[in-house]
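J.: sequence plus the predicted model coming up.
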Amino acid sequence: MKQFLFTVFIIISVAAVLTVTIVRMSEQFFIDRFSITNSKVMNQVKDSFESFHYSIVTASNNVLQNGTVKRILTDEETEYEQMVSYFNMYQQMNRIKSYLDAYEIGIVVTGKNGIDYATDRPYWPITDEELRRSAIRKNTLRNPKRLLYQYDYRPGKDIESDDRNFIVATRAIREPISGRDYGEMYFAIQEKEFKKFYASYTSPGNHVFITNNSGVILSSSRPDLIGRTSTDLRRYTEELKGPEPYKVGNFMGKDHIILMEYLPSFDLYLFNVIDKEVAFGDLIDKSDIAQIVILIVIAVLFIVFFASRRLTNSLSTLARQISGAAKHDFVQYVTVGGTYETKKIAYAFNSMLDELHDYVEELMQTQKEKRNAELAALQQQINPHFLYNTLTSIRFMVQQGGRQEAENTIMALISLLQNTIGSPSETVTVKQELDNLKNYAFINQKRYGDRIKTNYFVSPDCLNEPIPNLILQPFMENAFFHAFNRKYGGYINVLIWKENSRLICEVVDNGDGMEIEEDKQMPAKSKQQLFTGIGVRNVHDRLQLIYGDDAGVSISSKAGDGTTIRLTIPLPQA
């Protein structure tokens, strides 16, 4: 019954996952297609903006090149001459405005001499004084060589008047040779006119936004957001600069599909923001899909139920026989019978029993060999030359008057001998092994000088962990006597820490180093040590015999850069 309920749970879970996956894949497919279509629409909108920009550039270039406009904006004139100039300006501006006949635009030209001219004052109701003090003019003067598109808001004069938003193209009028500015020109278009470039492509839930680098919305199919700063759109300005054609993300608290086009001529950003819920609300009928999936699941459950009943009897019999095998020390084989599946299981179980018997015998033999190898590796016979040289050094210290130094060396030797010959245990704690290393290093430094420094970096939680006795000493010995043949001195660092249920021990030196061939990662077994008979290769074999294949020694070295020895020891399970 439990198996059947588990099967029911699995089938329902898989059906639910597949349903969700299919729905999401369908939505993703539609989003991809939708984004491709809208990208083409945005390119058409972009072309409309570029045509408008070209007309503005043509008109502004005519203003820059017009000698009459330059004379009027630079000369000091009498009142009568100014009246004539205004008439001439009227004629020139009407001619220039003809380049913009396709658009409803107001043009304002101001000069350094105080002359101001507007083609249609009521269209862009800004006074001369307001214009001189405006941020629009300041930005124009800060960027005299650029044609800028800026946002301007004009509140209604009374309750009956509507507030108006403007997009203003601005440019400084300057002398091309001297680079001297002598006026500014302003091309103002109402936002509702600007909106006509893209209004036909918008719909409920499908909106367009024009923003600047600061995230200020200059134009939009959402009039209530014009003039506001959108942190969401400013963020997407950066995120959509990459290769992604679109992004599905949060905008004003709801999921939207965000597409963006940069308008380099305007230095503005064109956003197409589609409400995901509105766009896909009727795309997939999730209730119909749920009903179909439920019917399929019910049909599958009926099939599974009758098929499982057929298997139950033979499986129950087989399960009873397998569970009773332990009572007979796994020597009683199960009966092969029932369905094809139960027969295969019975054959497999009987084969497993045969392999288990072979494995137990092999394991017992391996354990016997392991114990013999451990005993051979732990023959901690102190090399006579080490004792002789150490005692000779102590004698020399006494002759030279270094009594305290000789006493310290003797104490280190005694401690080292106690922890090797005098220790009945095959394992010691990390702390005891460190004491052995420190005593050994101290004796060598007294014998050969302190040109080789030793450092110990041990994690505090490792100090009481058990490790085989004298497992690190052969590597420090090798470093002392073989790592600094060419270099005068250096350091030997001992590092111990825990990593992934393993104890990691490293002996690192910055000595001569060596080039290691891949097939010769470990030295030969015949390599002798100066202190004990436990060689480097023997340490590797010893670790694998004690802890299995997960333990061992690895060596990395490079000529001239030193050598790193790493020991990996599995930690006992808590």
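T.: Happy to help now that I have it.
J.: I'd like the average pLDDT over the host helix or strand of residue 440.
T.: With secondary structure defined by DSSP states H and E, residue 440 is part of helix 430-448. The pLDDT scores in helix 430-448 average 87.
J.: that helix: what's the following helix or strand?
T.: strand 452-458.
J.: can you tell me the strand partners of that following strand and which way each runs?
T.: The strands beside strand 452-458 in its sheet (DSSP bridges) come out as strand 490-499 (parallel).
J.: centre of the chain to the partner strand, how far?
T.: 31 Å (C-alpha atoms, centre = their mean, to the nearest Å).
J.: swap in stretch 18-25?
T.: 27 Å.
J.: can you pull the buried residues of it?
T.: Across stretch 18-25, burial judged by 16 or more other C-beta atoms under 10 Å covers residue 19. Every residue, glycine included, has its C-beta placed from N, CA and C.
J.: rounded mean pLDDT for that stretch, please.
T.: 72.
J.: just to revisit the earlier point, which helices and strands does the helix holding residue 440 pack with?
T.: Where contact means 3 or more C-beta pairs under 8 Å, 6 or more residues apart in numbering; DSSP states H and E, helix 430-448 is packed against helix 384-399, helix 403-418, strand 452-458, helix 473-482, strand 490-499.
J.: okay, the ones you listed in JSON lines with mean neighbour count, mean pLDDT and distance to residue 296 next?
T.: Converted to JSON lines, the helices and strands packed on helix 430-448 look like this (neighbours: other C-beta atoms under 10 Å; pLDDT from 0 to 100; distance: least, C-beta to C-beta, whole Å):
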{"stretch": "helix 384-399", "mean neighbour count": "14", "mean pLDDT": "70", "distance to residue 296": "80"}
{"stretch": "helix 403-418", "mean neighbour count": "16", "mean pLDDT": "79", "distance to residue 296": "76"}
{"stretch": "strand 452-458", "mean neighbour count": "15", "mean pLDDT": "93", "distance to residue 296": "62"}
{"stretch": "helix 473-482", "mean neighbour count": "22", "mean pLDDT": "87", "distance to residue 296": "65"}
{"stretch": "strand 490-499", "mean neighbour count": "17", "mean pLDDT": "94", "distance to residue 296": "49"}
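J.: among those, which is nearest residue 434?
T.: Comparison of the helices and strands packed on helix 430-448 against residue 434 by C-beta to C-beta identifies strand 452-458 as nearest, at 6.1 Å.
J.: that closest one: what's the following helix or strand?
T.: Criterion used, DSSP H and E; the element after strand 452-458 is strand 466-468.
J.: contacting residues around that following strand?
T.: 378, 426-430, 433, 503, 505, 542-543, 546, 569, 572 (C-beta atoms under 8 Å, 6 or more residues apart in numbering).
J.: among the residues you listed, show me the least confident.
T.: Note: of the contacts of strand 466-468, the lowest pLDDT belongs to residue 378, at 48.
J.: domain-wise, how is this structure divided?
T.: If you go by automatic domain parsing, the domain ranges for the chain are 41-280, 286-375, 378-570.
J.: got the ones you listed as TSV, with distance to residue 21 columns?
T.: Listed next are the domains of the chain as TSV, based on distance: least, C-beta to C-beta, whole Å:
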stretch	distance to residue 21
domain 41-280	16
domain 286-375	12
domain 378-570	34
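J.: separation between the residue nearest to residue 261 when sequence neighbours are not counted and residue 458?
T.: Distances taken as C-beta to C-beta, 6 or more residues apart in numbering place residue 270 nearest to residue 261, at 4.4 Å, with adjacent residues excluded. Using C-beta to C-beta, to the nearest Å, one gets 62 Å for the distance from residue 270 to residue 458.
J.: what of residue 180?
T.: With C-beta to C-beta as the criterion, residue 180 and residue 458 are 76 Å apart.
J.: next: residue 150.
T.: Following C-beta to C-beta, the distance that separates residue 150 from residue 458 is 67 Å.
J.: check residue 91 too.
T.: Separation of residue 91 from residue 458 (C-beta to C-beta): 94 Å.
J.: one step back: out of the contacts of strand 466-468, who's nearest residue 11?
T.: Using C-beta to C-beta, residue 572 comes nearest to residue 11 of the contacts of strand 466-468, at 43.0 Å.
J.: got the contact list for the closest one?
T.: Counting by C-beta under 8 Å, 6+ apart, residue 572 has contacts residue 466.
J.: same question for residue 227.
T.: Counting by C-beta under 8 Å, 6+ apart, residue 227 touches 151, 153, 165, 216, 217.
J.: mind redoing it with 7 Å?
T.: Applying C-beta atoms under 7 Å, 6 or more residues apart in numbering, we find residue 227 in contact with 151, 153, 165, 217.
J.: now restrict the residues you listed to buried residues only.
T.: 151, 165, 217.
J.: dump the residues you listed to JSON lines, plus pLDDT and distance to residue 319.
T.: Formatted as JSON lines, the buried ones among the contacts of residue 227 follow (pLDDT from 0 to 100; distance: C-beta to C-beta, whole Å):
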{"residue": "151", "pLDDT": "92", "distance to residue 319": "79"}
{"residue": "165", "pLDDT": "90", "distance to residue 319": "80"}
{"residue": "217", "pLDDT": "93", "distance to residue 319": "71"}
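J.: looking at those residues, which one is closest to residue 74?
T.: Looking across the buried ones among the contacts of residue 227 and measuring by C-beta to C-beta, the closest to residue 74 is residue 151, at 30.2 Å.
J.: what residues are bridge-paired with that closest one?
T.: For residue 151, the beta-bridge partners under DSSP bridges are residue 167.
J.: try residue 107
T.: Beta bridges link residue 107 to residue 187, judged by DSSP bridges.
J.: so what's the residue count around it?
T.: Here the count is done by other C-beta atoms under 10 Å, and residue 107 has 23 residues near it.
J.: with residue 541 instead?
T.: Neighbourhood size, residue 541 [other C-beta under 10 Å]: 17.
J.: helix or strand for it, just tell me which one.
T.: Secondary structure (DSSP H and E) places residue 541 in helix 536-547.
J.: can you give me the angle that helix makes with helix 473-482?
T.: 170 degrees (axes from the mean of the first three to the mean of the last three C-alpha atoms, to 10 degrees).
J.: and stretch 349-368, C-alpha only, in PDB?
T.: The C-alpha coordinates for stretch 349-368 follow below in PDB (Å, rounded to 0.1, in the frame of the first residue of the first chain):
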ATOM      1  CA  PHE A 349      20.500 -11.500  -5.100                       C
ATOM      2  CA  ASN A 350      22.000 -15.000  -5.400                       C
ATOM      3  CA  SER A 351      24.900 -13.500  -7.400                       C
ATOM      4  CA  MET A 352      25.300 -10.900  -4.800                       C
ATOM      5  CA  LEU A 353      25.600 -13.600  -2.100                       C
ATOM      6  CA  ASP A 354      28.400 -15.300  -4.000                       C
ATOM      7  CA  GLU A 355      30.200 -12.000  -4.400                       C
ATOM      8  CA  LEU A 356      29.600 -11.200  -0.700                       C
ATOM      9  CA  HIS A 357      31.300 -14.400   0.300                       C
ATOM     10  CA  ASP A 358      34.300 -13.700  -1.900                       C
ATOM     11  CA  TYR A 359      34.500 -10.200  -0.600                       C
ATOM     12  CA  VAL A 360      34.400 -11.200   3.100                       C
ATOM     13  CA  GLU A 361      37.300 -13.600   2.500                       C
ATOM     14  CA  GLU A 362      39.300 -11.000   0.600                       C
ATOM     15  CA  LEU A 363      38.500  -8.400   3.300                       C
ATOM     16  CA  MET A 364      39.800 -10.700   6.100                       C
ATOM     17  CA  GLN A 365      43.000 -11.300   4.100                       C
ATOM     18  CA  THR A 366      43.400  -7.600   3.500                       C
ATOM     19  CA  GLN A 367      42.900  -6.800   7.200                       C
ATOM     20  CA  LYS A 368      45.600  -9.300   8.100                       C
END
